[in-house]
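Asks: coords below, sequence missing:
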């Protein structure tokens, strides 16, 4: 992070010293998400902003970032509190560089927590939600293997660094997702991203997972 960003963060934390909860959305924007799926995902992001904005505690504590992946990995939104979050309009194209995206996401969470520590701000266990309708494509197996090891080292009862949730929508290879995340992946019925993000908002607001909506089932 450059000096200007560090100074900006220091001012922000002075104005809002609430403990932080970093939430990173890792979103599949490969070509199979074209059409209705990507439109529903964009609508879901607007639902997330609305749900977090309505929660007086979560709105000051949860910081949202978005990383998208197709045959590129893009930081669509760096970490911000929900009042500064403007849901992007995502477009779908290309392959599914999932492993590369996971590694970038975990690095971003690690770096954000370092900023919290530098500014004396306490924080909760971070959340990463990976949403995909496919499986890794177009990148070497060793990158996926490295991503799997990173998830395993950070989402466990000893380190408690983060919660990593894999959510598969229609077409996702759920058996493959089981080999990537420590936690069993969830299957999202239809394109009910709004239900998913309302659940995520409620869980982060309470500091722990709340009951699953009917649209989400363990695989």
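Replies: Yep, that arrived. Everything numeric in this text was worked out from a predicted model, so none of it was measured.
Asks: What are the buried residues along the longest helix anywhere in the chain?
Replies: Longest helix in the chain by number of residues (criterion: DSSP state H): helix 98-118. Neighbour counts using 16 or more other Cβ atoms under 10 Å place 98-106, 108-109, 112-113, 115-116 of helix 98-118 among the buried residues. (Glycine included, C-beta is placed from N, CA and C.)
Asks: What does the residue nearest the centre of the chain show for phi and psi?
Replies: In the chain, the residue lying closest to the centroid (Cα atoms, centre = their mean) is residue 25, at 2.2 Å. Main-chain torsions, residue 25, degrees, to the nearest 10: phi -100, psi 120.
Asks: do you know how far it is from residue 105?
Replies: 9 Å (Cβ to Cβ, to the nearest Å).
Asks: related to what we said a few turns ago, helix or strand right after the longest helix of the chain?
Replies: Once helix 98-118 ends, the next helix or strand along the chain (criterion: DSSP states H and E) is strand 126-132.
Asks: tell me the angle that following strand makes with helix 98-118.
Replies: The directions of strand 126-132 and helix 98-118 differ by 160 degrees, with axes from the mean of the first three to the mean of the last three Cα atoms, to 10 degrees as the criterion.
Asks: now the angle between strand 126-132 and the helix or strand just after strand 126-132, please.
Replies: Sequence-wise, the next helix or strand downstream of strand 126-132 (DSSP H and E) is helix 141-154. Inter-element angle recorded for helix 141-154 and strand 126-132: 150 degrees (by the same axes, to 10 degrees).
Asks: Near residue 159, how many other residues are there?
Replies: 11 (other Cβ atoms under 10 Å).
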